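# Quick one, what's the 3D model for this:
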Amino acid sequence: MKSFTEYLTLNIPSKMAFVNITSQVEAAIRASGVAEGIVLVNSMHITSSVFINDDERGLHHDFGVWVEKLAPFNPDPNYYHHNRTGEENADAHLKRQIMGREVVVAITKGKLDFGPWEQIFYGEFDGHRDKRVLVKIIGG
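Here you go, the predicted model:
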């Protein structure tokens, strides 16, 4: 059995965005030489996420509106207790919980074994700095 690790670094210039990272994950699978196995893709930061969904701009807009309604940005420490630490990103931590930390996808014949329309996305909720995404591939 083989194991392969790659780290993607993303620096999103806005506070919130959704980025399709499927091609980077596919490149890592090719580099790994794994034909049959699994790939784990996870955000290594507690204010960003990795998830699977459709690559459709309207849907991504809807995600942003939805998570902002559930956990609106508000730097006031009276609104979010976490902001009493001197940070202003409590909303980003909550949004990450909603959108998820990681995905695991089967690799079959050297390719992601997706359903129709599925793609892997990085979700950013507290941008403006480098963040890493772990791509761990295991198989043979």
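# I figured residue 22 hits residue 120, correct?
Yes. Look at residue 22 against residue 120 with CB atoms under 8 Å: they come within range, at 4.8 Å. Using the backbone N, CA and C atoms, a C-beta is placed for each residue, glycine as well.
# Would you mind listing the residues touching both of those two?
Shared contacts of residue 22 and residue 120 (CB atoms under 8 Å, 6 or more residues apart in numbering): residue 112.
# For those two, indicate the residue with more neighbours.
Comparing residue 22 with residue 120 by other CB atoms under 10 Å, the one with more neighbours is residue 120, at 25 against 17.
# if I look at the more buried one, how far off is residue 19?
Per CB to CB, to the nearest Å, residue 120 is found 10 Å from residue 19.
# again, but for residue 133
Residue 133 is 10 Å from residue 19, by CB to CB.
# where's the residue most central in space within the chain, which helix or strand?
In the chain, the residue lying closest to the centroid (CA atoms, centre = their mean) is residue 50, at 2.1 Å. Assessed by DSSP states H and E, residue 50 sits inside strand 48-53.
# Tell me which strands that strand pairs with, and in which orientation.
strand 119-124 (antiparallel) (DSSP bridges).
# just how off-centre is the strand it pairs with within its chain?
4 Å (CA atoms, centre = their mean, to the nearest Å).
# who does the helix or strand that comes right after that strand pair up with?
Proceeding N to C from strand 119-124, the next assigned helix or strand is strand 130-139, under DSSP H and E. Sheet partners assigned to strand 130-139 using DSSP bridges are listed as strand 2-11 (antiparallel), strand 37-43 (antiparallel).
# Just the buried positions in the longest one, please.
Within strand 2-11, the residues that qualify as buried by neighbour count (16 or more other CB atoms under 10 Å) are 4, 6, 8, 10.
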